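Visitor: Sequence isn't available, so here's the structure alone:
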């Protein structure tokens, strides 16, 4: 038991000290509201696959009923959580929208750091078909590290088979967690040929979180999609991806002056079909009649560029509610 | 070939534009010196396993002969590289010191983001015994994502078997890369019973990098070790881990007032044997007769705490050369 004791003590030592808040009535009311409405924190707001100097890779935190739930988990998620004072051991569940590695690259670290700090077993991981195989690979990658452990003779080491519990989700599924009803739809981020094996096998998910006092819809990565509009009907908050496709195309043409027009056109169509332009975000928000829009998984000019006002204007031409282009660690 | 073209164009579009430096003689001399001496950048300077709000997880970048070589690759490494303008596709090789996940948690993201940006195949990964099994697991975790690809019908997708080339290293090994001779020794971060199966199977490595104009020794995680002192003999730079064990013990006791003394004593011995106190760093630097010390993999009070002067004083009592407690993205 020696190792267990060491690791347990270690985890306790690392745990954050809870703030000693004074319990005024106002605070109690605020706490009740927070429990009902939850908090959505944009941990990382940059679209991959190129890491950004100013925005972390795609990741979000939903705090509901005091439980910490990750929604996508790109590189650097553990560090972003640390900026909120949340150790990886305090994560209850992870939702994965789809299997692009900019959305999953931080999961290996979450699993490893949790194991090193003696976190509660069986992190719940929800994701699209293929998530089970992905997690099995990550656990297999941990076997040599788990066998060596902390290098203490006779220690009881981590059993990687006890670290996770995976539930794969498909279009139309729903589940309950932390007092939240989660509903899942297959969006248009993939455009495999209808009825092809790939179309049957893989899905890219948009997620709706119905809390007791608020509803939040996360598009994940998607192109325009009536299905996602249906999922988002009447939601209080639409957390939407957004890409400045013309800017991306211009950058490509500038850096590749000899690129054939056909390739450029194909690229533009690819990006437009599988992602949301600002106008698409506005149309989706308007058609879904949501209360507000938070833009994340952002691909466009860096913060501070005046074109951001154009992005907002293009959305506002379609949707007359509040819109925020989120930065890392913003809370909604 | 449609997918290949898209990914290639994508990678080119994302590539940083090289600076158009004017070629004065001074600059040429500086460039020659840099090529010979290389650059060591502390990407992440906090010891795991608890992520820090101010320091990224353990990772370093060695730039030698214009090639980018990672030395340990904790969570968030891709984001730290982005702050230097270095895309993951521009990494030539990765060295892993040992299999604790705070040192490896960012590798999954590096592999995934490279694959998404059509990086050159076969990232070279050097590490201790078990590295091959670890990487095989990470590649297995990528199979579903690679099969789905970008969701474009008929696309040519990533072959995960072409992404890496693993070389396992053991005590006494050496190799050449980017004009650098790398020498490897087994340190004291693990203390398995001598001649046990675990002792035969696992090693925690310290690494010496002999560049044309400079020598850099990276302790990795280690306790006091005559072998590492021997490896570091006469090195220009000793990049050393350091832990404030009494502070860690005090934190543990404060958070766990009922912890039995025997457990506290065991913890202290465990940390002291497998890590370096400031006085240990000073003794190692002095005995190895190195030119300067860079402290990283830091576990102690946060930056700005005056106890940092005590850390430096304790080192200075043993070693009279320059010492820096590195912050993230410092260059040496």
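Guide: That came through fine. Because the structure is predicted, anything quoted here is derived from the model rather than measured.
Visitor: For chain A, just list every one of the strands.
Guide: A:39-44, A:59-64, A:67-73, A:91-95, A:123-127, A:164-168, A:174-177, A:180-186, A:205-210, A:215-218, A:237-243, A:292-299, A:323-325, A:330-331 (DSSP state E).
Visitor: Identify whichever of those strands lies nearest to residue B:129.
Guide: Smallest distance to residue B:129 across the strands of chain A (C-beta to C-beta): 25.4 Å, for strand A:164-168. To be clear about C-beta, it is placed using only N, CA and C from the backbone, and glycine gets the same treatment.
Visitor: okay, now residue A:309: neighbour count?
Guide: Counted with other C-beta atoms under 10 Å in any protein chain shown, residues neighbouring residue A:309 total 10.
Visitor: Check it and give its pLDDT.
Guide: Among the per-residue scores, residue A:309 shows a pLDDT of 96.
Visitor: that older thread, make a markdown table out of the strands of chain A and add mean neighbour count.
Guide: Putting the strands of chain A into a markdown table (neighbours: other C-beta atoms under 10 Å in any protein chain shown) gives the following:
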| stretch | mean neighbour count |
| --- | --- |
| strand A:39-44 | 25 |
| strand A:59-64 | 26 |
| strand A:67-73 | 25 |
| strand A:91-95 | 23 |
| strand A:123-127 | 23 |
| strand A:164-168 | 17 |
| strand A:174-177 | 13 |
| strand A:180-186 | 21 |
| strand A:205-210 | 25 |
| strand A:215-218 | 26 |
| strand A:237-243 | 27 |
| strand A:292-299 | 24 |
| strand A:323-325 | 18 |
| strand A:330-331 | 13 |
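Visitor: Tell me where the stretch 1-150 of chain A is predicted with low confidence.
Guide: Residue ranges of the stretch 1-150 of chain A with pLDDT under 70: A:1-23.
Visitor: from what I can see residue A:135 touches residue B:141, true?
Guide: Yes - at 7.2 Å, residue A:135 and residue B:141 qualify as touching, with contact defined as C-beta atoms under 8 Å.
Visitor: Who has more neighbours out of those two?
Guide: Between residue A:135 and residue B:141, counted using other C-beta under 10 Å, residue B:141 has the larger neighbour count: 28 against 25.
Visitor: Could you report the neighbour count for residue A:269?
Guide: Residue A:269: 11 neighbours (other C-beta under 10 Å).
Visitor: got the contact list for it?
Guide: Under the criterion of C-beta atoms under 8 Å, 6 or more residues apart in numbering or on different chains, residue A:269 has no neighbours.
Visitor: ok now do residue A:62, which residues does it touch?
Guide: Contacts for residue A:62 were tallied using C-beta under 8 Å, 6+ apart; they are A:38-41, A:68-71, A:180, A:209, A:216.
Visitor: Identify the bridge partners of it.
Guide: residue A:40, residue A:69 (DSSP bridges).
Visitor: quick one: it from residue A:215, how far?
Guide: 12 Å (C-beta to C-beta, to the nearest Å).
Visitor: now do residue A:235
Guide: 4 Å.
Visitor: Quickly list what's touching both of these two.
Guide: residue A:208.
Visitor: now stretch A:268-280, how far from the centre of its chain.
Guide: 20 Å (C-alpha atoms, centre = their mean, to the nearest Å).
Visitor: Same check on stretch A:47-66?
Guide: On C-alpha atoms, centre = their mean, the centre of stretch A:47-66 falls 6 Å from the chain's centre.
Visitor: what's the answer for stretch A:74-85, then?
Guide: 12 Å.
Visitor: ditto for stretch A:60-69
Guide: 12 Å.
Visitor: what about that stretch, start to end distance?
Guide: 8 Å (C-alpha to C-alpha, to the nearest Å).
Visitor: report the longest helix in chain A, please.
Guide: Across chain A, the longest stretch assigned as helix under DSSP state H is helix A:131-148.
Visitor: is it anywhere near chain B?
Guide: Yes - using C-beta under 8 Å from any C-beta of the partner chain, helix A:131-148 comes into contact with chain B via A:131, A:133-145, A:147-148.
Visitor: Repeat that for stretch A:99-116.
Guide: Yes - counting by C-beta under 8 Å from any C-beta, chain B has neighbours in stretch A:99-116: A:99-102, A:104-113, A:115-116.
Visitor: which two from these end up farthest apart in space?
Guide: A:100 and A:116 (26.9 Å).
Visitor: the more surrounded of the two?
Guide: For residue A:100 versus residue A:116, the count of surrounding residues by other C-beta under 10 Å is larger for residue A:100: 29 against 25.
Visitor: Check the spacing between residue A:286 and residue A:27 real quick.
Guide: Here the criterion is C-beta to C-beta. By it, residue A:286 lies 37 Å from residue A:27.
Visitor: With residue A:241 instead?
Guide: Residue A:241 is 35 Å from residue A:27, by C-beta to C-beta.
Visitor: cool, residue A:120 as well?
Guide: Counting by C-beta to C-beta - residue A:120 and residue A:27 are separated by 28 Å.
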